[in-house]
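Student: Prediction below, plus the sequence it came from.
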Amino acid sequence: MSQPAKSSRTSARADAPESAAGTRAAAQRLKMRRELAAAAMELFATKGYEATTVDEIAAAAGVARRTFFRHFRSKEEAIFPDHDDTLVRAEAVLNAAPSHEHPLDTVCRGIKEVMRMYAASPSVSVARYRLTREVPTLREREIASVARYERLFTRYLLGHFDEHDHIDGNDDPLLAEVAASAVVTAHNHVLRRWLRAGGEGDLEGQLDHAFAIVRDTFGSGIGAGRAMGRPARPAASARTSGDVLVTVARTDAPLDEVMRTIQRALKDA
């Protein structure tokens, strides 16, 4: 005899505990990573980076050596416990972006997850910044982390251009990489200034100002390179026929540009 199919309600109930368990496990993992990082930071500050061992970090955190290596591959990695999770959150911002938002605006919102990571614990962030200035190995680790964000944002911007538009003479791929780099550079410039000030000041406000400069510089240029290959598609176009106004717009067209196109069409009608 065939078994009755499970209802969607039953499946939902079964999935809920697994989801809750996964959330708890992720929270516990992050908690342990932060505790190990705090222990490492304190030892680095008192004993010095080179003199501190993994065994000492584990002991200070009250765990075994093998527990340390379940979370970090090396002691220099322990100084940046949140980058993996922050990268996931930044990618989630990109994936959930509304279709009408300009891709560059989305990237600016995505990198704010990095800003929030630092701003959540200003004193820890300032201490980490000072330590990375003194230890070349940690500085190299930080640079590698920044490169991961830049690659993520470059892929996102490139994904907003049709593959058949990637032809000789088209500047879109170049602009995507340069714009992604500009967003990351603007973020890091503002962040370093905030850290040098001891974590004081309006970090988000300063970041918004820097992003406005990036958008003004690169926002209108992305997509212009298509004109060198085949005719560029306008962000929005409109035509009137009697009492009817028809508007066609790209899904990534800025709303203000669509509205200006409609207003011009109505004025000319």
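Tutor: Now that the structure is in, tell me what you want to look at. Residues are numbered from 1 along each chain as shown.
Student: how about low-confidence regions in the chain?
Tutor: Across the chain, the ranges flagged by pLDDT under 70 are 1-19, 161-170, 220-260, 262-263, 265-269.
Student: Which parts of it are helices?
Tutor: Ranges of helices in the chain, per DSSP state H, are 8-47, 54-61, 65-71, 83-95, 103-119, 122-134, 136-158, 172-196, 203-218, 255-268.
Student: Give me whichever of the ones you listed is most buried.
Tutor: The highest mean neighbour count among the helices of the chain, using mean count of other C-beta atoms under 10 Å, belongs to helix 103-119: a mean of 21. C-beta: built from backbone N, CA, C; applies to glycine.
Student: just checking, what packs against that one?
Tutor: helix 83-95, helix 136-158, helix 172-196, helix 203-218 (3 or more C-beta pairs under 8 Å, 6 or more residues apart in numbering; DSSP states H and E).
Student: could you redo the last one with a cut-off of 6 Å?
Tutor: Contacts defined by 3 or more C-beta pairs under 6 Å, 6 or more residues apart in numbering; DSSP states H and E place helix 103-119 against helix 83-95, helix 172-196, helix 203-218.
Student: Which among those helices is found nearest to residue 47?
Tutor: With respect to residue 47, and counting by C-beta to C-beta, the nearest of those is helix 172-196 at 23.2 Å.
Student: quick check, distance from the closest one to the centre of its chain.
Tutor: Counting by C-alpha atoms, centre = their mean, to the nearest Å, helix 172-196 is centred 11 Å from the centre of its parent chain.
Student: So the protein: which segments form each domain?
Tutor: Domain segmentation of the chain under automatic domain parsing yields 15-79, 82-233, 236-268.
Student: returning to what we had before: got the helices of the chain as CSV, with distance to residue 77 columns?
Tutor: Shown next, in CSV, are the helices of the chain (distance: least, C-beta to C-beta, whole Å):
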stretch, distance to residue 77
helix 8-47, 9
helix 54-61, 11
helix 65-71, 9
helix 83-95, 9
helix 103-119, 16
helix 122-134, 13
helix 136-158, 7
helix 172-196, 20
helix 203-218, 25
helix 255-268, 43
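Student: what sits up against stretch 188-195?
Tutor: With C-beta atoms under 6 Å, 6 or more residues apart in numbering as the test, stretch 188-195 has contacts from 126, 129, 201, 203, 206-207, 210.
Student: I'd like these laid out as JSON lines, including distance to residue 64.
Tutor: Converted to JSON lines, the contacts of stretch 188-195 look like this (distance: C-beta to C-beta, whole Å):
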{"residue": "126", "distance to residue 64": "31"}
{"residue": "129", "distance to residue 64": "30"}
{"residue": "201", "distance to residue 64": "41"}
{"residue": "203", "distance to residue 64": "38"}
{"residue": "206", "distance to residue 64": "43"}
{"residue": "207", "distance to residue 64": "40"}
{"residue": "210", "distance to residue 64": "44"}
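Student: out of these, who's nearest residue 181?
Tutor: Nearest to residue 181 among the contacts of stretch 188-195, counting by C-beta to C-beta, is residue 210 at 13.5 Å.
Student: how close does the nearest residue to the closest one once chain neighbours are set aside get to residue 218?
Tutor: Among residues not flanking residue 210 along the chain, residue 186 sits closest, at 4.0 Å (C-beta to C-beta, 6 or more residues apart in numbering). Distance of residue 186 to residue 218, computed by C-beta to C-beta, to the nearest Å: 11 Å.
Student: ok, now residue 183?
Tutor: To residue 218, residue 183 is 9 Å away according to C-beta to C-beta.
Student: just residue 74 next, same as before
Tutor: According to C-beta to C-beta, residue 74 stands 37 Å off from residue 218.
Student: Same question for residue 22.
Tutor: To residue 218, residue 22 is 38 Å away according to C-beta to C-beta.
Student: Residue 114 too?
Tutor: From residue 114 over to residue 218 the distance is 19 Å, taken as C-beta to C-beta.
Student: which one is residue 30 nearest to, not counting chain neighbours?
Tutor: residue 85 (6.2 Å).
Student: cool, and residue 207?
Tutor: Leaving out its chain neighbours, residue 207 is closest to residue 190 (C-beta to C-beta, 6+ apart), at 5.0 Å.
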